[in-house]
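Novice: Can you look at this prediction? I've put the sequence above it.
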Amino acid sequence: MVQQRQNNAHVVVLPYPAQGHINPLVQFAKRLASKGVKATVATTHYTAASIAAPGITVEPISDGFDEGGFAQTNNNVQLFLTSFKTNGSRTLSHLVQKHRQSATPVTCIVYDSFFPWALDVAKHHGVYGAAFFTNSAAVCNIFCRIHHGFIRVPVNKEDLPLSVPGLPPLDHRALPSFVRFPQSYPAYMAMKLSQFPNLKEADWMFVNTFEELEGEVMTGLTELFPAKMIGPMVPSGYLDGRIKGDKGYGASLWKPLNEECSNWLEAKEPQSVVYISFGSMVSLTSEQMEEVAWGLKESGVSFLWVLRESEHGKLPSGYRDLVKDKGLIVTWCNQLELLAHQATGCFVTHCGWNSTLESLSLGVPVVCLPQWADQLPDAKFMEDVWEVGVWPKEDEKGVVRKQEFVKSLKDVMEGERSQEIRKNANKWKKLAREAVGEGGSSDMHINQFVSHLMNADKNRSLNVF
Ligand code: UDP
C-alpha cells in the first residue's frame, strides 16, 4: 500500500535506458515510494513516455540523442556513453537544482552503476549518492576483483577454470563474454570496470539480489564492495503483495500483447506450456534460431515464443503455419504475467538477470540458452548452484543443436530430474518472497536506507554515512 509521505526525503532514480535496467530501478523507486519517500525517475527523453507507475514521478534528462536514444548512434557504445555523461550530468544537475527551492529538495541520487558520473553530480549538490547494480552479486564480484587486480582476466588454458572467492570454479563456458573475449568488447569491458573506481565515495551501494540467494558470493567482499542486497526487484504483486495493485513494472519500451497471450494460455493444461524469450537485446544467429525453432516443433510441446519484430526474418520459411496448432509467436508480452500463469511449465530463457530473478521469484524451471555477457555465469548458477534448470551444451561452433535442446526441454518438463528441479524452483520462490516481505533480509536493508534518508539532517551532522 502506498503510504502518505511523512517526510521530505526525495530520491532521484537514474536507470540506464534499456528495459533490463529500467525495470529494476523503477521497481526500486516504487518500493521507496511505498515506504513514504518521494521518488522521481530521471530518464532520457526517448524513454520517459514509456514509464508510468503509481506513486512515482518521471522527469526527462538528455543523453544527447533525444529522438532515438542508443539506436541513433548506430550502436556506437562509446559515443553513447560519452554523450550521456556530458549531457546527462548537465541535465541531471538542472533537475536537482530545479527542486532545490521546492518543498521536496532532492536528498539522494540512486544511479545505475553504469553511470558513475552521477555520483559527481550528487556530490556537487551536496546530496547523497547510491550506486545500484542491476546484475548478480556473482558478476559484481568478478568485475570488482578484476578492477582491484585480485584476479586476472584468463589469457590461456592454464588460467582456467577461473577461481573467484565465493563462486564455483568458472570454466571458459561460464565466463562473462567481456572476460572471456575482452578484446572483442573493449567498450563494454571498460564500462563494466568503470563502475568501481569512485565507489568508495558512494554513500550506499545496492545489488538486485537477496541474501539467501547470493549471500555466500558476497562473503569476503565486504571491504571491497560493501553492497546491500535489496532484491529481487520484481513487482510486489508477485511477491509480498504489500504494494497494492503492483502487478507490472510500469515501464515497457514495446507494446505487450497481453490479451492475445492470456486468451491463448487460458485453454492450456497446468504446467504444459513452454514460454520462450531472449529478452530485449539478444539477437540469435539464423543457425541457432533454426535449431530452436525445429526443436520446439519436434518436442511436441505447446509454446509461447516472444520474438522481437527484428528477429522474425530468421524463422524457417512457413514456420508459423507449420506450428500454428502448438505455438503462438508474439513480438512482446508482459513476461511476469506469463511466468505466473498456471499453464506455464518451463521458461526457455537467455538468462538476463531480470529474467533469472523473475523465474526464481515465480518458481518456474528453466532451460538456459545464454548468448553473451553476464548471461553465461547466470546460466551456470541456475544449473549448478540453484539447480532450477538445465543448460544444454553447445557444439564446437557454439550452437545448441536441436537434439540437445529437445532433450533439455524433456528433462525439465517430464524427465527424472524434473521433480527435483520443480522442488528447487519452489524453494527459491518462497525465499524470494520472504526476502522482500516484512522483516525479510532485503526489506530490512531498504528500511535502513529509508530511515537514514528520513533522518538525513540528523545523520549529516553526525556523519553517519
Ligand atoms: N520482458 C517483458 N516482455 C517480454 C520480454 C521481456 O516484459 O516479452 C521483460 C522481462 O520481464 C525483464 C526484461 O524485459 O524484466 C528483460 O530483462 P533481462 O535482464 O531479462 O534481459 P535483457 O533484455 O536486459 O537482455
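Specialist: Everything's here; your move.
Novice: Contacts only, for the residue nearest the centre of the chain.
Specialist: For the chain, the residue nearest the mean C-alpha position is Asn354 (3.2 Å; CA atoms, centre = their mean). Asn354 is in contact with 20, 23-24, 134, 279, counting by CB atoms under 8 Å, 6 or more residues apart in numbering. Using the backbone N, CA and C atoms, a C-beta is placed for each residue, glycine as well.
Novice: Mind doing that once more with 6 Å?
Specialist: Asn354 is in contact with 20, 23, counting by CB atoms under 6 Å, 6 or more residues apart in numbering.
Novice: Can you give me the distance of it to Leu257?
Specialist: 19 Å (CB to CB, to the nearest Å).
Novice: The lengthiest helix in the chain: which residues count as buried?
Specialist: Ranked by residue count, the top helix of the chain under DSSP state H comes out as helix 77-100. Residues of helix 77-100 classed as buried by neighbour count (16 or more other CB atoms under 10 Å): 79-81, 83-85, 87-89, 91-93, 95-96, 99.
Novice: closest point of the stretch 1-150 of the chain to the ligand, which residue?
Specialist: For the stretch 1-150 of the chain, the residue closest to the ligand is Gly20, as judged by CB to the nearest ligand atom, at 2.2 Å.
Novice: I'd assumed Gly352 was in contact with that residue.
Specialist: Yes. If you go by CB atoms under 6 Å, Gly20 and Gly352 touch, sitting 5.3 Å apart.
Novice: the more surrounded of those two?
Specialist: Each of Gly20 and Gly352 has its neighbours counted (other CB atoms under 10 Å); Gly352 has more, 25 against 17.
Novice: residues in contact with the more buried one?
Specialist: Gly352 neighbours (CB under 6 Å, 6+ apart): 20, 279.
Novice: switch the cut-off to 10 Å
Specialist: Applying CB atoms under 10 Å, 6 or more residues apart in numbering, we find Gly352 in contact with 19-20, 134-135, 277-282, 358, 370-371, 373-375, 378.
Novice: Over to Val330?
Specialist: With the criterion set at CB under 10 Å, 6+ apart, Val330 makes contact with 256-258, 260-261, 264, 277, 304-308, 338.
Novice: just those residues now: which is nearest Phe196?
Specialist: Ser277 (31.0 Å; CB to CB).
Novice: got any ranges where the stretch 301-450 of the chain has weak pLDDT?
Specialist: Of all residues in the stretch 301-450 of the chain, none has pLDDT under 70.
Novice: near the ligand, which residues of it?
Specialist: 306, 332-336, 352-355, 358 (CB under 6 Å from any ligand atom).
Novice: Can you tell me how far Leu338 is from His147?
Specialist: Counting by CB to CB, the gap from Leu338 to His147 is 37 Å.
Novice: Looking at these two, which one has more neighbours?
Specialist: Legend: neighbour count by other CB under 10 Å for Leu338 and His147, higher for Leu338 (25 against 18).
Novice: mind listing what the helix or strand containing Val13 pairs with, with the direction of each?
Specialist: Using DSSP states H and E, Val13 sits within strand 10-14. Using DSSP bridges, strand 10-14 pairs in its sheet with strand 38-44 (parallel), strand 108-112 (parallel).
Novice: could you check the angle helix 77-100 makes with that strand?
Specialist: Computed with axes from the mean of the first three to the mean of the last three CA atoms, to 10 degrees, the direction of strand 10-14 lies at 170 degrees from that of helix 77-100.
Novice: in stretch 143-163, what counts as buried?
Specialist: Applying 16+ other CB under 10 Å to stretch 143-163 flags 143-147, 151, 153-154, 160, 162 as buried.
Novice: Output it as PDB, nothing but the C-alphas.
Specialist: Provided in PDB are the C-alpha atoms of stretch 143-163 (Å, rounded to 0.1, in the frame of the first residue of the first chain):
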ATOM      1  CA  PHE A 143      34.400  -7.400 -12.200                       C
ATOM      2  CA  CYS A 144      35.200  -5.800  -8.800                       C
ATOM      3  CA  ARG A 145      38.100  -8.200  -8.200                       C
ATOM      4  CA  ILE A 146      39.400  -7.700 -11.800                       C
ATOM      5  CA  HIS A 147      39.300  -3.900 -11.200                       C
ATOM      6  CA  HIS A 148      41.200  -4.200  -8.000                       C
ATOM      7  CA  GLY A 149      43.700  -6.600  -9.600                       C
ATOM      8  CA  PHE A 150      42.900  -9.500  -7.300                       C
ATOM      9  CA  ILE A 151      42.000 -11.800 -10.200                       C
ATOM     10  CA  ARG A 152      43.300 -11.700 -13.800                       C
ATOM     11  CA  VAL A 153      41.400 -12.000 -17.000                       C
ATOM     12  CA  PRO A 154      42.400 -15.500 -18.100                       C
ATOM     13  CA  VAL A 155      44.600 -15.500 -21.200                       C
ATOM     14  CA  ASN A 156      45.300 -19.200 -21.700                       C
ATOM     15  CA  LYS A 157      44.100 -22.600 -20.800                       C
ATOM     16  CA  GLU A 158      46.300 -22.800 -17.600                       C
ATOM     17  CA  ASP A 159      44.300 -19.900 -16.200                       C
ATOM     18  CA  LEU A 160      41.100 -21.900 -16.200                       C
ATOM     19  CA  PRO A 161      38.900 -22.600 -14.500                       C
ATOM     20  CA  LEU A 162      38.800 -19.100 -13.100                       C
ATOM     21  CA  SER A 163      38.800 -19.200  -9.400                       C
END
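Novice: Who are the contact partners of Leu409?
Specialist: 274, 276, 295-296, 298-301, 303, 345-346, 348, 367, 390, 392, 415.
Novice: run the last query once more with 8 Å
Specialist: 274, 295-296, 299, 301, 346, 348, 367 are the contacts of Leu409 under CB under 8 Å, 6+ apart.
Novice: element containing Ser442, please.
Specialist: Ser442 is part of helix 441-454 when elements are defined by DSSP H and E.
Novice: Relative to the whole chain's centre, how far out is that helix?
Specialist: In this view, helix 441-454 has its centroid 21 Å away from the chain centroid, taken as CA atoms, centre = their mean, to the nearest Å.
Novice: which of the residues in it are buried?
Specialist: 441-443, 445-446, 449-450, 452-454.
Novice: Mind giving me the packing neighbours of it?
Specialist: helix 19-34, strand 204-207, helix 211-218, strand 228-229, helix 418-436 (3 or more CB pairs under 8 Å, 6 or more residues apart in numbering; DSSP states H and E).
Novice: Next, the contact list for the nearest residue to His124 once chain neighbours are set aside, please.
Specialist: Computed as CB to CB, 6 or more residues apart in numbering, the closest residue to His124 that is not its neighbour in sequence is Ser93, at 6.8 Å. Contact partners of Ser93, counting by CB under 8 Å, 6+ apart, are 121, 124-125.
Novice: got it, and Lys192?
Specialist: With CB under 8 Å, 6+ apart, Lys192 has these contacts: 143, 176, 178.
Novice: where does it land in three-state SS?
Specialist: helix (DSSP: H, G, I helix; E, B strand; the rest coil).
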